[in-house]
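> Sequence and computational prediction follow.
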Amino acid sequence: MVLHEKVVFFDDNCNLCNHAVNFIISRDLKKIFKFASLNSEAAKKLLNENSIKDIDSIILIENGKTYTYSTAILRIAKNLSGLWKLFYVLVLVPKPMRDFLYKILARYRYKFFGQSCLVLTPEIKERFLK
């Protein structure tokens, strides 16, 4: 299955990730992003079909292409309303440098931000894949 939409996969046990999803939803005025927990059946199926394994990170599948780590974040920011799209200029920073910083934050995210479950309100529940 090739996705022709933008789907964000995230760790739904991570406070930082859950806040990131809420942040995206509140700035995605055109509602172009769909979401799926990395633990969901939809994520397992789609990530397997796109040969993505063992990535415990925010992942973006956009028009059939997969983006991970800092590139996923920057491509998401590019599509948000307001000045957030200006962060896409950081794509000019070499990917190894961006990903190094991203992976440090990801490694300690539970320690710094804790764990919790994302609570879905009825108005955003439709944007989540099952």
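Thanks, I have the structure now. Residues are numbered from 1 along each chain as shown.
> ok, what's across the strand from residue 33?
residue 6 (DSSP bridges).
> how deep is it tucked in, by neighbour count?
Applying other C-beta atoms under 10 Å, we find 20 residues neighbouring residue 33. All C-beta atoms are positioned from the backbone trio N, CA, C, and that covers glycine.
> Residue 124 too?
16.
> what residues are up against the nearest residue to residue 84 once chain neighbours are set aside?
Closest residue in space to residue 84, ignoring its immediate chain neighbours: residue 77 at 4.9 Å, by C-beta to C-beta, 6 or more residues apart in numbering. Going by C-beta atoms under 8 Å, 6 or more residues apart in numbering, residue 77 touches 84, 85, 87, 88.
> Tell me the secondary structure at residue 77.
helix (DSSP: H, G, I helix; E, B strand; the rest coil).
> distance of it from residue 53?
26 Å (C-beta to C-beta, to the nearest Å).
> Flag the shaky bits of this structure, pLDDT-wise.
Scanning the chain for pLDDT under 70 picks out the ranges 1-4, 54, 115, 117-120, 130.
> my read: residue 47 touches residue 9, true?
Yes. With contact defined as C-beta atoms under 8 Å, residue 47 counts as touching residue 9 (6.7 Å).
> Of those two, which one has the most company?
Shown here are residue 47 and residue 9; by other C-beta under 10 Å, residue 9 has more neighbours (29 against 20).
> right, and the helix or strand after the strand or helix carrying residue 105?
Assigned by DSSP states H and E, residue 105 belongs to helix 95-107. Of the helices and strands lying after helix 95-107 in sequence (DSSP H and E), the nearest is helix 109-113.
> which strands and helices sit next to that next one?
helix 15-27 (3 or more C-beta pairs under 8 Å, 6 or more residues apart in numbering; DSSP states H and E).
> So what touches the helix it packs on?
8, 10-12, 33, 35, 58, 76, 80-82, 84, 105, 109, 112-118, 124, 127.
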